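Engineer: sequence and predicted structure below; questions after.
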Amino acid sequence: MAQNLVFFYALTIFLSQLLVAASSLCISDEDCPEALPLMFVKCVCGACEYYTQIQDEK
């Protein structure tokens, strides 16, 4: 039971961050909030979109 509560608590926190990010309106890339490490943000069609940085290993 306690594990279920912790899971739903973590899920709620994770989803709330996505909702805040999804509602971010922008005009330029500078209007978007800072991204997490290994991610970057671009303003696309008036909304902030998050992308991951993938490095090719050679």
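Structural biologist: Perfect, thanks for sending it.

Engineer: all strands of the chain, in order?
Structural biologist: Per DSSP state E, the chain carries strands over the ranges 39-44, 47-52.

Engineer: tell me where the chain has helices.
Structural biologist: 2-22 (DSSP state H).

Engineer: what residue ranges in it score low on pLDDT?
Structural biologist: 18-24, 53-58 (pLDDT under 70).

Engineer: and the strands of the chain as JSON lines, adding distance to Tyr9 and mean neighbour count?
Structural biologist: Placement of C-beta: from N, CA and C, glycine included. Shown next, in JSON lines, are the strands of the chain (distance: least, C-beta to C-beta, whole Å; neighbours: other C-beta atoms under 10 Å):
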{"stretch": "strand 39-44", "distance to Tyr9": "23", "mean neighbour count": "15"}
{"stretch": "strand 47-52", "distance to Tyr9": "23", "mean neighbour count": "14"}
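
Engineer: of these, which is nearest Leu25?
Structural biologist: When the strands of the chain are compared by C-beta to C-beta, strand 47-52 sits nearest Leu25, at 6.4 Å.

Engineer: quick one: list the elements packing against that closest one.
Structural biologist: Applying 3 or more C-beta pairs under 8 Å, 6 or more residues apart in numbering; DSSP states H and E, we find strand 47-52 packed against helix 2-22, strand 39-44.

Engineer: can you state the direction angle for that strand and helix 2-22?
Structural biologist: Interaxial angle of strand 47-52 relative to helix 2-22 (axes from the mean of the first three to the mean of the last three C-alpha atoms, to 10 degrees): 120 degrees.

Engineer: look up how far Glu30 lies from the closest residue in space to Tyr51 that isn't next to it in sequence.
Structural biologist: With sequence-adjacent residues excluded and distances taken as C-beta to C-beta, 6 or more residues apart in numbering, Tyr51 is closest to Phe40, at 5.6 Å. Distance, Phe40 to Glu30, by C-beta to C-beta, to the nearest Å: 13 Å.
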